[in-house]
Every structure is written in C-alpha cells, then in structure tokens.
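Engineer: mind folding the following:
(2 chains)
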There are 2 protein chains.
Amino acid sequence: MPALTMNAHEAYGELIRIAREQSVLSSCADLLEWDEETYMPRGGVAHRAEQSAVLAGMLHERQTSARMGELLATLEASDLARGGDAPAAVNIRELGRLYRRRARLPREHVEEFARARTMAQQVWVEAREEMDFGRFAPWLETMVGLARREAGMLSAGGDPYDSLVEHYEPGMTTARLTALFGSLRAELGPLLGSIVGTRKRPRTAMLRREYPVDRQKLFAQAVAAAVGFDLERGRLDVAAHPFCMAIGPGDTRLTMRYAERSFGDGFFAMLHEVGHGLYEQGLPAEHYGTPMGMAASLGMHESQSRLWENLVGRSLPFWTHFYPRLRNVFHEALADVKVEAFFLAINRVEPTALRATADEVTYNVHIMIRFELERAMLSGALAPADLPGAWNEAYRRELGVEPRDVVEGCLQDGHWAEGLFGYFPTYTLGNVYAAQVYAASGNRDEAFARGDFSGLLGWLRDHVHTQGMKHPAPELVRRVSGREPDPGALVAGLRKKYGELYGL
Amino acid sequence: MPALTMNAHEAYGELIRIAREQSVLSSCADLLEWDEETYMPRGGVAHRAEQSAVLAGMLHERQTSARMGELLATLEASDLARGGDAPAAVNIRELGRLYRRRARLPREHVEEFARARTMAQQVWVEAREEMDFGRFAPWLETMVGLARREAGMLSAGGDPYDSLVEHYEPGMTTARLTALFGSLRAELGPLLGSIVGTRKRPRTAMLRREYPVDRQKLFAQAVAAAVGFDLERGRLDVAAHPFCMAIGPGDTRLTMRYAERSFGDGFFAMLHEVGHGLYEQGLPAEHYGTPMGMAASLGMHESQSRLWENLVGRSLPFWTHFYPRLRNVFHEALADVKVEAFFLAINRVEPTALRATADEVTYNVHIMIRFELERAMLSGALAPADLPGAWNEAYRRELGVEPRDVVEGCLQDGHWAEGLFGYFPTYTLGNVYAAQVYAASGNRDEAFARGDFSGLLGWLRDHVHTQGMKHPAPELVRRVSGREPDPGALVAGLRKKYGELYGL
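Structural biologist: Okay, the predicted model is just below:
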C-alpha cells in the first residue's frame, strides 16, 4: 500500500502491532542477558555471544524496516501525530525518534556490538578475578572503538557524546550535563568539606558483623514485598552485580549480592533494584511494547531506585518500622545496637574508592569522574590502556582516596564492558529527579513508621509509573514538581539531613 | 542468483551459514523453555507464550524461506549430495528432509502451537496442584486438535500418526513400532509373570529414609562429574520435572528434582539426564548448528540416557565404586545397609502406576499404554475428556494397578501438554537401542568398580556421539551392533539380570 493513501488508523494499528512484536523479540534478548549474569555456565559464553548477535541483528532489521519508515511517514503527516499527549501521538513521536536513530546504524555494526559486549563482559569478570587490568584493556579498547564509531554514525554534528547521552536520556545534552555537574560540585564540595571537618566518625563496625546470607535473602524478600514489589510477578536472584531486568509484564527480575560480613551494601543495593522493579511493575501493561508502556528515561528509572534506596530506605521512619524486625532476624549482630546508632551508621559520609556503596553526599562525585573519563576516552584524549593511571589520579584529586587495586579502581563497574558510554550521567540525573519528585509527593513519615508504603507507591504509580513515555523526563519532572530539573531539591535535602546528623 | 547457475560449493556455504543461524535462533527459544521450567515467575507465563510464539514464527519463516528451497534444489542436484556419508551429503540430505516437512506447515499454525503449548503446560502444572483433570481437559483437547491438524498437514497419505513419529525418529513407522511392541510384550509378559510369581519382595524401606536434599545435590554433582559430565560446560538445576536442554556448545543444562525422603527417584532421574547431557557434550562442536552436529534421533538420545541410568547405574560394578561414597554422605540412612541389599532394592521389580520411576521390566508397558492412548485420541476414537477413565482401565488391564488420583494417573507426564504426540515410543526405542549399543561396547565392569567410566564414554563418543546425524538411528544401531534394531538384546539382558536377582 503506498504510504500516502494509507488510512492513518490502519497504519497506526500496524505500527503498534510490529512495535509490540519488536518489544517481545527484544525481551528475548533481555532474558539471554539476565541468564548470562545469573546461571549461564562459563563454557556457554561464546555461544551466548552468537545468540545475542543473531537476535540483535534480527531486531535491528525489523526496527529499521522500510515498512516502519512508510508507516511513520504516513502517521507523522496525519492528525494522529497532533494529538498532544494522547497515546497515539506519544507513540508516533517516540517510535519516530527511535526509528531515525536506529536507521543510522548498519546491521553489521549492531551485531558486532552485541557479540563484542558479551565477550567483553566475560573478560571483565575474569580480569577482576585475576586483578589484571591488562587482560581487559584490549576489550575496553574494542568497546570504546565501537562506541566512537556509533557516536560518529549517530551524530548530526556537534559533540558526538551528545548522541550517546541522548540514547539514555532523550533531550539531554553534554552542555546541559556539564552545567548541572558544575553547580552540583559547587554546592556539594563545601558540604562535604564541613562534614569531614567535624571529625565525627559514626561507628559502623556493627554493619560488618556476622549476617548469615540465608537470612539476608529472607529479609530482602520480606522488605521487597513490604514496600510493594510483587513476587508473583518477579523474582530476586543472586548475581555478581545487582541489576533489574524487566522481561515482560508480569516478569520483572532483580539480582542481589550478599556478603556474610556486611549488611548495608547488600541491603541498599537490593532496595535500589526494588525501586527499579516497582517502576517496571507499575508501567501500564495495556501499553506493553509501545513507548506509552515504557519508562520515561534511564534518569527517571534511576530516580525511582535512588528514591527507595536513599530517600525512603535511609530515613529514620523507614527504620522505625523495620529495625525491630531486622534485630529479630540478626539478633546476635544487633542485640546491643540502638536504632539511632544504626541509623547513623548507614548514613556515615566518607569519601571512598567505590561508587556503588558510596554515601549520598559523595556519590555524585564518582559519577563526575566517570563522565570526564569516558568523554576523554571517546574523544581520543585518553587511551583506554592508560585508564588505571587516569582513574587513580582523578580519585586522588576529587575525593582524596587511592584505590587499593584495579578491582577497587577502574574495574569496579561493568558499564564500559557492556558498551554503556553516556550512561553514567543518568545516575546523577536520577538523584536530581528523585529529590524533586519525592519532595512533591508530600510527607508520609508517619505511615512509613507504621510500615505502610502504599501511599507513596500509589502516588508514584499515578504521577510517574503509569505515565510511561507520555512526557520526556525533564518535562515529567517539571509537571510533577513544578520546576525544571535542577539540583536545588537534592542539595537542600542533603543539607538538611546531614546538617542534623553531623550537627553542622 | 538463479538456482541452476549457482556454484554448488557457494550454495553449500550459504546453506550452512543460514542453517547455523537458524540453530542459534532456535537455541534462544530453548533458553526460554529452560527458564520457564526453572526460574520464571508465575506472572510471566502469558508474556512467555508471546515470546515463544514470536521466535517460533520467525524461525519457521527462515526455515521455510524460498532461498532455502533454491539452495537445496541446487545442492540436491549436485555431486555434493552424492557423497555418501560425507558431512556435506549428510547435511544436504537432512536439511532437505526437514525443509520439506516444515514447508507443509503454515507459520500461523507454528505460532499458535508455540503459544498454546506454553499455556497448556502452565495449566497442566496447576491442574496437578489441584488434582483436577477437568481444569486441564480443554487444553488437552486444544493440543490434540493442533497435533491432529499438524498430522493432517504433514501426512502424504497412510497413517497420520506416522508423520508425527517421523519427526522424532526419522524412518520409523507406526507399523514397525506396533510389531516391535508386540514382540516385546510377548517376551516381557512371561518374564514379569515369573518375577511376580516368586513372591520375592526385596526390602526398599532404606531408600525412603532421610536423605537431606542439600547433600543429594552435592552427591549428584559429584557423580555427574565422575562419569564425565563437564560442569564448566553445563549445569544442574532443580525443576518440577527432570530434563536436559542443550542451549549450545558449552552450555548443556540438566534439571533434577529431589525429595527429602526418597533417594532412588531423584538419583536415577539425574543419571538419566546426565546420559542425555553426555551425548550433547559429545556432539562434534565444529558441526554445531548443522545435522552433522546433531543427535541422530530422539530414540538414540534416549538410548544414551537409559544406558547410563540403567545399564550402568543399576549395575553392581557401578555401586561397588559409589556405594561406599554414598554411605559416607548419608551415613545415618545407610549405616546398617550392605551394598547387596542396596543393589537389590534399586532393582526391585513391581508394577506401579508411575512411568518415570518404573523398573526396567515394567517400564515399556507404560510406554505401550501411552502409545495406544495417544493414537486413540488422535484418531478421534477417544475424546480427550474421557482420558482418565481410559487411562485407569489400561493400567488395570496391563499392569494390574490402579492410580490413586489423576496426578498418579493421566496427569503424571507433561508431554501431551507440550504437544509431544508420537514422542513416547522413542523411550522404548531408546531401551532397545541402548541394549544393543551397550552389548557392543564390551564389558568394562572392572573399570566401573574402580570408578573409571572414561573407557565407556570414550567408546560412546567415537561410535555414537561424534557421528551426529551421519546415519539414521536404525542404521547407526546396525553399524554399531551388527544387527537391525530389535528387542533381542534388551530381553536377553533383562532375563539374565533379573533371572539372577530373582533366582528364576
């Protein structure tokens, strides 16, 4: 059927049908990835790379088909596209954006990328085990090379890094991020300085007592369920790295890691992933497979995980409810610890070498370091082989700490092995969005202290989760909070909380 | 390129490339299935049905593409096809056979089948939990209907059941199976009669003492590794039903189930799956994705599992090595049990209602019952809704037992829920092939008693595993054993073993 004579409603029906089919196919690739991180035997990695490449290639072929282009051309010229934030208008807008982006990438590139990332991730794991950056270096170079190539293909002039960021955070630019990081740095630097200046060092030894892993798992399941994660429509597994993978409606999977002699790291990583999982479980299932049924952006996704991890999970009302339960489960470890001391311990501010377990005040510094380093690698200013030196130098300069080894240094995160360049900034955007959204949701401390999180979850469902991609993330934040995204709420929240905790 | 001017070697290269890609895609569907049986949350089933349908449809489209047809037409007319059992000739022969079979099925049917089987399996699980056949009945009817439709599409005249059997066991026919079952029945009936007539009832209570599941898992892993299963290139998991799923070279997965108060059932099911897994791990990886790298047939596959489960695993030399180790692991349960008593217990012959745990003498009777019933359902002579009555009647008549409930009755196997009609006979073919192959492999009792299974595995690798589909299964059996497949070796083996055990 020639494009111009197509009936717009028929065209829309066909577009949605093929978009859904593509999402289903993409979710098969997601399951491969989940399995790779959880249960795949080592010997399966080469075949997994082939599987990922085949699916990526087939998916790309469909996502960039001439038929998609025809349907979108018809629809973008039709009244359906001028429906404001009606579902059809949203889906046409976002599918068109994605189509044009994907059409710039040849299938061979997409397959090569999928194959390389599977191998690079495996080598990254092995390099960590052997504490040998040299082993990973050639694969880092490969992934940087592929990301540069992709940025080049996608870029329509301007900073090629923009085109990578835009993939994760539509509408965000390098310039805007640089400005945002600049003002954050100007605010957080003095705050961190005055906290360190108090020379207060809350005791945290009780967090490193004996916490049997089996009981940590049970406690994690119980808390996940208590805050609203539906375990009939998802699951928790153990993996080397915590992540959330949404396979489909009714199937949202979280992974955790637990250490016998550490409570906090595993627990807050769990709560972080639960936050992601709640967003996925709250997306409108009737729009599954189309933008209206997808998260607004990675930054918005991260806002949900950080909100539950920090704004809820590191608050006193949360522990007013959960601490007696925690002490029941780990009575040997916590019998002599009062809730106030525990609360202080989980909020201790201290510059360290590790991002994932960093406190709320230093966390964004870790992101800024990665933002600088990945741009340097992509521009060619930093050779991937020289990363360890540059990394350690940045940590000394920005946080005054020295990683003990490469596992605590530049091999700590797997993002670059996965080919995720331009992704790290979404973590800080998540913190910024979370603070604005949370402030707008109202105070529910009393309900939290009773163990009731349904009010907050219901509010988030209404204002964020069920919105899908109706609005670009910055616009969604503005609608929810009344302000453009800016670090004001984040900084104000941190000043208030840590001012009280450290008596500033 | 028009078919007739294509260079045969180029065409062969292209055929192999696309056959491999199809196998990789098919292996993605296999992972979905494995996951469905092991870790998928209940809420994921509807989406999993969509995923399976999309992959099945895409796979079918590729498997029946016009290009495949052109390449095969060129190749079948070329000298490459006349290369006897050279890899190219074998691959052309088998890919041509599969192509013609698949081309008879429309894509819509294949997708509908994939979707329905995912749902039917889930309902079968629920019907078992609720001991409610009525719940499963409509889905059984659906699956019977789909299988009848498929048989009709595939059949070129003659018994439509032939076309289903042929899928699992190329070259096998209903008539040949009927004859084989007839002669087996004539031999096994009297043997069973005389065993039951001795009124000897070996004590088996020690198999139902306390066997902590964690230790069963460790013992299973140790035995699997000891007989040669490579755990770096595969894994063992727990699932409701034991199965073997080969995801790809280097990734062969087995599932087990364990019960605290039962040793034998879990152990022998494990050894059975290990037998399947050894075959998969022994296929020539350089031919992955093509018939030369695939198992000869399901019957041949089953021969490997039954060989390790029964001919090796229920032999005295096997337990001469493993029994002291078993007693170390389960000292409370077995401290007062001698190896001879244990050996008798695991070989007790007794008609029961359950196939999977049946002894070697009655096992094939369970298969004959299913062979009759599924043919009756497919021909329309038996309405699926009437299955429970017909099932119980057959068990009374053939084995003199009465299932206590539908879980012990017609809901015991999930094959029909999966749409596997014509599959059951391959179990008996497996027993027949196993006996012939094992007799040909020579006596290695002494090595087994020392815990050395490498001689047998090496022999199987050479004579069976690395052969792929070079020969149709019956021909492979003939080459290995010097005889056409017939129940002679099976019956002789059973007579000898049970004659000694029961003093006949």
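
Engineer: helix, strand, or coil at residue A:414?
Structural biologist: State at residue A:414, reduced to three classes by DSSP: H, G, I helix; E, B strand; the rest coil: coil.

Engineer: just checking, it touches residue A:121?
Structural biologist: Yes - Residue A:414 lies in contact with residue A:121 (Cβ atoms under 8 Å); the separation is 6.3 Å. C-betas here are computed from N, CA, C, even on glycine.

Engineer: report the buried residues of the lengthiest helix in chain A.
Structural biologist: What stands out as the longest helix in chain A, according to DSSP state H, is helix A:8-38. Neighbour-count burial for helix A:8-38 flags A:8, A:11-12, A:14-16, A:18-25, A:27-38 (criterion: 16 or more other Cβ atoms under 10 Å in any protein chain shown).

Engineer: picking that back up, show me which of residue A:414 and residue A:121 is the more surrounded one.
Structural biologist: Neighbours per residue, other Cβ atoms under 10 Å in any protein chain shown: of residue A:414 and residue A:121, the larger number sits with residue A:121, 23 against 17.

Engineer: mind listing what that one touches?
Structural biologist: Neighbouring residues of residue A:121 by Cβ atoms under 8 Å, 6 or more residues apart in numbering or on different chains: A:36, A:414, A:417, A:418.

Engineer: ok, 6 Å please
Structural biologist: Neighbour list for residue A:121: A:417, A:418 [criterion: Cβ atoms under 6 Å, 6 or more residues apart in numbering or on different chains].

Engineer: any idea how far it lies from chain B?
Structural biologist: Distance, residue A:121 to chain B, using Cβ to the nearest Cβ, to the nearest Å: 16 Å.

Engineer: kindly report the same for residue A:67.
Structural biologist: Using Cβ to the nearest Cβ, residue A:67 is found at 15 Å from chain B.

Engineer: quick one: contacts of the one helix or strand in chain A whose mean pLDDT sits lowest?
Structural biologist: Lowest mean confidence among the helices and strands of chain A (mean pLDDT, DSSP states H and E): helix A:160-168, at a mean of 92. Contacting residues not belonging to helix A:160-168 are listed as A:151, A:154, A:155, A:172, A:173, A:174, A:298, A:375, A:421, A:422, A:423, A:426 [Cβ under 6 Å, 6+ apart].

Engineer: most surrounded residue in those?
Structural biologist: Neighbour-wise, those (other Cβ under 10 Å) top out at residue A:422, 28 neighbours.

Engineer: now do that residue against residue B:432, distance only.
Structural biologist: Residue A:422 is 61 Å from residue B:432, where distance means Cβ to Cβ, to the nearest Å.

Engineer: what do you get for residue A:401?
Structural biologist: Counting by Cβ to Cβ, the gap from residue A:401 to residue B:432 is 70 Å.

Engineer: compare these two (neighbour count), which wins?
Structural biologist: Counted by other Cβ under 10 Å, residue A:401 and residue B:432 do not tie: residue B:432 has more neighbours, with 25 against 16.

Engineer: where's that one, which helix or strand?
Structural biologist: helix B:425-440 (DSSP states H and E).

Engineer: equivalent analysis for residue A:246, please.
Structural biologist: Assigning secondary structure by DSSP H and E places residue A:246 in strand A:244-248.

Engineer: what count of nearby residues applies to the nearest residue to residue A:413 once chain neighbours are set aside?
Structural biologist: Counting by Cβ to Cβ, 6 or more residues apart in numbering or on different chains, residue A:413 lies nearest to residue A:355, which is 6.5 Å off, once chain neighbours are set aside. Applying other Cβ under 10 Å, we find 18 residues neighbouring residue A:355.
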